[in-house]
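Colleague: Need the 3D shape of this:
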Amino acid sequence: MLNVLFLQKITLFLLLFLVAPNVWSNRCAGRGCDVPQFKEMMPQKSSVVRSGSEFSFTASANTNPNSIRVMVKGHAVGLTITNKGQIKVSGILPEELTEGYVRINITASSSPSSCIGNDGWLIKIGD
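Modeller: The predicted structure is shown next:
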């Protein structure tokens, strides 16, 4: 009897141990996560541009405009954000960037679920 009870407790512990990480892996689990979407990225993927050039993209209407962040090769980029149904975002590539490929990395959260969306695209800095 004691062995059966012990085995049941061990089995329950192992089951919870294996299931728990999957339950908590999505911080929006159970809340209907609506991840922000990004599109209309300019300049287009793999374009060749000069440092200091402008870039832009649109974010879906469910994006929290205050949460939008853009990083380019370790540099945080200042943004201009207009919100008229569709959220239009623009910025200037850092002058410090030299020739080579860089990725424009976008991160933002959605409203009201606070789900995180990440995206970006690769461009080339050159003459």
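Colleague: which residues in this structure form helices?
Modeller: Using DSSP state H, the helices of the chain run over 2-24.
Colleague: shaky segments in it?
Modeller: Within the chain, the stretches with pLDDT under 70 are 1-31.
Colleague: please redo it, this time with the cut-off set to 80
Modeller: 1-32, 85, 112-113, 127 (pLDDT under 80).
Colleague: any idea where the strands of it begin and end?
Modeller: Counting by DSSP state E, one finds strands in the chain at the ranges 38-42, 48-49, 54-59, 69-72, 75-76, 79-84, 86-92, 100-109, 116-125.
Colleague: Is it possible to get JSON lines of those that adds mean neighbour count?
Modeller: (Glycine included, C-beta is placed from N, CA and C.) Formatted as JSON lines, the strands of the chain follow (neighbours: other C-beta atoms under 10 Å):
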{"stretch": "strand 38-42", "mean neighbour count": "16"}
{"stretch": "strand 48-49", "mean neighbour count": "16"}
{"stretch": "strand 54-59", "mean neighbour count": "18"}
{"stretch": "strand 69-72", "mean neighbour count": "17"}
{"stretch": "strand 75-76", "mean neighbour count": "12"}
{"stretch": "strand 79-84", "mean neighbour count": "12"}
{"stretch": "strand 86-92", "mean neighbour count": "17"}
{"stretch": "strand 100-109", "mean neighbour count": "18"}
{"stretch": "strand 116-125", "mean neighbour count": "17"}
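Colleague: Just send those back as TSV, with distance to Gly32 too.
Modeller: Below are the strands of the chain laid out as TSV (distance: least, C-beta to C-beta, whole Å):
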stretch	distance to Gly32
strand 38-42	20
strand 48-49	38
strand 54-59	19
strand 69-72	24
strand 75-76	31
strand 79-84	23
strand 86-92	21
strand 100-109	14
strand 116-125	15
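Colleague: dump the residue contacts of the residue nearest to Ile106 when sequence neighbours are not counted.
Modeller: Leaving aside its chain neighbours, Ile106 sits nearest to Asp119 (4.9 Å; criterion: C-beta to C-beta, 6 or more residues apart in numbering). For Asp119, the contact set (C-beta atoms under 8 Å, 6 or more residues apart in numbering) comprises 37-38, 106.
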